[in-house]
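A.B. asks: whatever this is, show me its structure:
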Amino acid sequence: MAEAKKKKTFEQALTRLDEIIALLEKDSVPLDELMKLYEEGVALVRDCNGQLDSAEQKVKLLQISPDGTTARLVAFDEGERSDG
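C.D. replies: Sure thing, here's the model as predicted:
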């Protein structure tokens, strides 16, 4: 269980989530083990969401003015709003 406390990459967390889902779908896993797996899965989902939020904040778009003479960096979500 010490491995679960170690920070996983996004890809490692997704792989582990796939493993947990496969185990949760089995009928032969005892209830106490199911609960531990479920809790681990919830923690991994939270961690993945945090990593995605962090990555999104780092993403920048280059926005070019309508006349094409100037460009500026804008936050990803600000660029989406200005396009819509």
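
A.B. asks: enumerate every residue touching the residue lying closest to Ile64 once chain neighbours are set aside.
C.D. replies: If the residues on either side of it in the chain are set aside, Ile64 comes closest to Ala71, at 4.8 Å by C-beta to C-beta, 6 or more residues apart in numbering. Every C-beta, even on glycine, is put in place using the N, C-alpha and C of the backbone. Remark: with contacts taken as C-beta atoms under 8 Å, 6 or more residues apart in numbering, Ala71 is in contact with Leu62, Gln63, Ile64, Ser65.

A.B. asks: where does the closest residue to the second one other than its chain neighbours sit, in terms of helix or strand?
C.D. replies: Take Gln63 and drop its neighbours on the chain: the residue closest to it by C-beta to C-beta, 6+ apart is Val74, 4.9 Å away. Val74 is part of strand 71-75, with elements assigned from DSSP states H and E.

A.B. asks: for Leu23, same thing?
C.D. replies: Using DSSP H and E, Leu23 maps to helix 10-24.

A.B. asks: in that helix, which residues are buried?
C.D. replies: By 16 or more other C-beta atoms under 10 Å, the buried positions in helix 10-24 come out as Ala13, Arg16, Leu17, Ile20.

A.B. asks: packing partners of that helix?
C.D. replies: Counting by 3 or more C-beta pairs under 8 Å, 6 or more residues apart in numbering; DSSP states H and E, the packing neighbours recorded for helix 10-24 are helix 31-58.

A.B. asks: who does Arg72 bridge with?
C.D. replies: Listed beta-bridge partners, Arg72: Gln63 (assigned using DSSP bridges).

A.B. asks: please report the distance of the spatially most central residue of the chain from Ser54.
C.D. replies: With the centre of the chain defined as its mean C-alpha position, the nearest residue by C-alpha atoms, centre = their mean is Cys48, 3.1 Å away. To Ser54, Cys48 is 11 Å away according to C-beta to C-beta, to the nearest Å.
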